[in-house]
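Undergrad: Sequence below, structure please.
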Amino acid sequence: MRARWRWAGVAFTVVLVLGIAVVAWAHRSGWLFLMGIGSRGELEIRSGSSVSLPVVVDRGLVFVPAVVGSKHVELLLDSGFQFTVVNADRAGELNVAIAGWRDIPSGGGSVRLGFAPRLPIGLSGARFEPRRLPALHLGFLEPYVGRRLYGILGHDFISLAAIEIDYDSELVRLHEPVAYEPLGDAVALSVEIDHREVRVAAELDPLGGNPVGAKLKVDTGSVSGLGLNGTFVARSGLVGSKQPAVSTPGVGVRGPTESRAFRLDALTLGPFTLSRPVARYTPTATGGDEDAGTLGGEVLQRFTVTLDYHRKRMLLKPGSRVSAPFPFDHTGLSLVAEGDDLRQIAVRHVVPGSPADEAGAQAGDRVVSLRGRAARGLTLGEAENLLSSTVPLLELEIERSGEIHELTLEPRVLLP
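TA: Have a look, this model is predicted:
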């Protein structure tokens with residue numbers, strides 16, 4: 001038996017937060033024009049009313065194995081992206097011709113948008129076929145994602161099913177939405193869906209302050225657990241004048257950005273309270289009460305999350321990491337992945353006054369070894385995990401201008 005579920009319509013707003021790099025790209029002025037793109041989609045389940053897809057969870061991001069054209073690839077499952085899209089910078093590898101390029105006004109600049117032909121996306125036990133497949137240049141994001149980014153499964157795909165993301169088991173289950181009923185002790189939270197953006201109510205408890213209500217965009221394409229808008233943070237008083245905060249680098253479509261990381265006393269989602277989460281905000285990012293920020297992978301991966309847009313709800317079932325502390329880097333190093341295979345680790349940024357700065361690390365250094373382990377071949381996530389481990393001394397071997405330097409860092413708490 002085969003089940004087919006349909007979705008119609010498209011919108012265009014992109015907010016992608018990757019690691020400590022905050023990528024913020026939002027557009028409203030071209031809204032009416034883009035509504036005419038027409039990204040109708042059809043999801044086909046080959047047998048029964050549900051299917052399980054093995055996935056890869058890396059730094060809280062969910063990568064779904066897929067077949068595009070004849071190539072086996074991974075696609076990022078991103079509830080914060082408004083439509084499914086192919087990476088134009090990888091189109092040649094997919095043997096996909098991109099045509100119909102046009103410049104779309106966006107935030108004082110423009111975005112280059114093209115289209116691939118009608119192309120089915122094969123999944124394990126399922127097939128998704130957008131009517132048209134938009135193409136964007138996403139290659140610049142790959143060093144921060146740390147993986148080849150062939151495309152994104154966005155809201156148009158997610159809205160066709162009840163999508164259950166089991167982070168612990170690294171499985172995504174697609175359920176027929178009309179008949180779907182959750183099993184076990186999952187708790188349903190109501191969500192608001194507006195212009196293909198999905199928001200859930202939360203309560204943010206600042207250190208030494210009063211709780212603040214917030215509506216957060218559910219964003220599985222964000223590594224950061226909480227990415228808040230600068231105006232919301234300033235208006236709500238979430239960051240006190242004496243509260244520790246650490247500057248972290250970001251990147252956007254028009255160049256570098258800078259965000260600041262700080263801790264909250266608690267984050268509450270329905271009956272669940274998470275202690276001392278790390279939040280990040282970009283001072284220049286604006287947003288009203290209906291747009292406080294994003295809820296991303298660092299929080300979501302502590303649960304099994306089901307996105308059931310048919311009933312306007314998100315279901316949370318506690319996972320193995322629900323009570324785990326929220327880590328924060330103890331070195332002051334920000335890393336990126338380089339090379340054709342994205343397996344060369346390099347230093348992107350060094351926090352002034354941090355252990356990495358005191359040891360002499362510099363932006364642009366290539367990491368040769370980390371804690372005695374060769375860096376070549378490490379994923380970005382593996383390298384970051386080695387940095388986050390609590391050790392008295394951290395040995396770092398770097399290459400700079402053709403010369404090898406051995407650095408010894410003394411990690412310490414940067415964000416209490």
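
Undergrad: which residues sit in contact with S50?
TA: Residues near S50 by CB atoms under 8 Å, 6 or more residues apart in numbering: R173, L174, H175, E176, Y180. (Glycine included, C-beta is placed from N, CA and C.)

Undergrad: quick one: which two of the residues you listed are the most distant?
TA: Using CB to CB, these span at most 11.1 Å, a distance reached by R173 and E176.

Undergrad: Return the subset of the contacts of S50 lying in strands.
TA: Mapping the contacts of S50 onto strands (DSSP state E) picks out R173, L174, H175.

Undergrad: just the contacts of S50 now: which is nearest R371?
TA: R173 (37.0 Å).

Undergrad: Would you agree the closest one is in contact with L53?
TA: Yes. The criterion here is CB atoms under 8 Å, and R173 meets it with L53 at 7.3 Å.

Undergrad: By neighbours, which of the ones in strands among the contacts of S50 wins?
TA: Using other CB atoms under 10 Å as the neighbour criterion, L174 leads the ones in strands among the contacts of S50 with 27 neighbours.

Undergrad: So it is in contact with L43, correct?
TA: Yes. Contact criterion CB under 8 Å: L174 and L43 qualify, at 7.3 Å.

Undergrad: Spit out the residues that contact those two alike.
TA: Joint contacts of L174 and L43 (CB under 8 Å, 6+ apart) are A126, A161.

Undergrad: in the stretch 201-350 of the chain, which spans are strands?
TA: Counting by DSSP state E, counting those that start in this stretch, the stretch 201-350 of the chain has strands at residues 212-218, 226-229, 246-252, 255-263, 266-269, 272-275, 278-282, 293-295, 303-308, 313-318, 333-338, 344-350.

Undergrad: so how far is the first residue of stretch 157-174 from its last?
TA: Distance between the two ends of stretch 157-174: 10 Å, counting by CA to CA, to the nearest Å.

Undergrad: Flag every buried residue along that stretch.
TA: Neighbour counts over stretch 157-174 (16 or more other CB atoms under 10 Å) mark 157-167, 171-174 as buried.

Undergrad: re earlier: format the contacts of S50 as a markdown table; extra columns: pLDDT and distance to P249.
TA: Formatted as a markdown table, those follow (pLDDT from 0 to 100; distance: CB to CB, whole Å):
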| residue | pLDDT | distance to P249 |
| --- | --- | --- |
| R173 | 97 | 36 |
| L174 | 96 | 36 |
| H175 | 95 | 39 |
| E176 | 93 | 43 |
| Y180 | 92 | 41 |
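
Undergrad: any idea which of the residues you listed is closest to G80?
TA: Of the contacts of S50, the one sitting nearest to G80 (CB to CB) turns out to be L174, at 19.0 Å.

Undergrad: contacting residues around the closest residue to L380 other than its chain neighbours?
TA: Nearest residue to L380 in three dimensions, chain neighbours excluded: G146, at 2.8 Å (CB to CB, 6 or more residues apart in numbering). Contact analysis of G146 by CB under 8 Å, 6+ apart lists D58, R59, V336, A337, L342, T379, L380, G381.

Undergrad: is it true that the fourth one touches I345?
TA: Same thing as A337. Yes. Counting by CB under 8 Å, A337 does reach I345; the two are 6.4 Å apart.

Undergrad: So, low pLDDT: which residues of the stretch 251-400 of the chain?
TA: For the stretch 251-400 of the chain, applying pLDDT under 70 flags the ranges 251-256, 285-289.

Undergrad: same thing with the stretch 51-200 of the chain?
TA: Residue ranges of the stretch 51-200 of the chain with pLDDT under 70: 106-108.

Undergrad: what about the strands in it?
TA: In the stretch 51-200 of the chain, the strands defined using DSSP E, counting those that start in this stretch lie at 56-58, 61-68, 71-77, 85-87, 99-106, 109-116, 121-123, 126-130, 133-136, 151-153, 162-166, 171-175, 187-194, 197-205.

Undergrad: Hmm, V86 is touching Y150, no?
TA: Yes. With contact defined as CB under 8 Å, V86 counts as touching Y150 (7.0 Å).

Undergrad: Give me the nearest residue to E129, chain neighbours excluded.
TA: P120 (4.4 Å).

Undergrad: Tell me how many other residues surround the one you found.
TA: By the criterion of other CB under 10 Å, P120 has 15 neighbours.

Undergrad: ditto for G122
TA: G122 - counted by other CB under 10 Å - has 16 other residues nearby.

Undergrad: what's near enough to touch it?
TA: A66, V67, V68.

Undergrad: Looking at those residues, which is nearest T331?
TA: When the contacts of G122 are compared against T331 (criterion: CB to CB), the nearest one is A66, at 35.5 Å.
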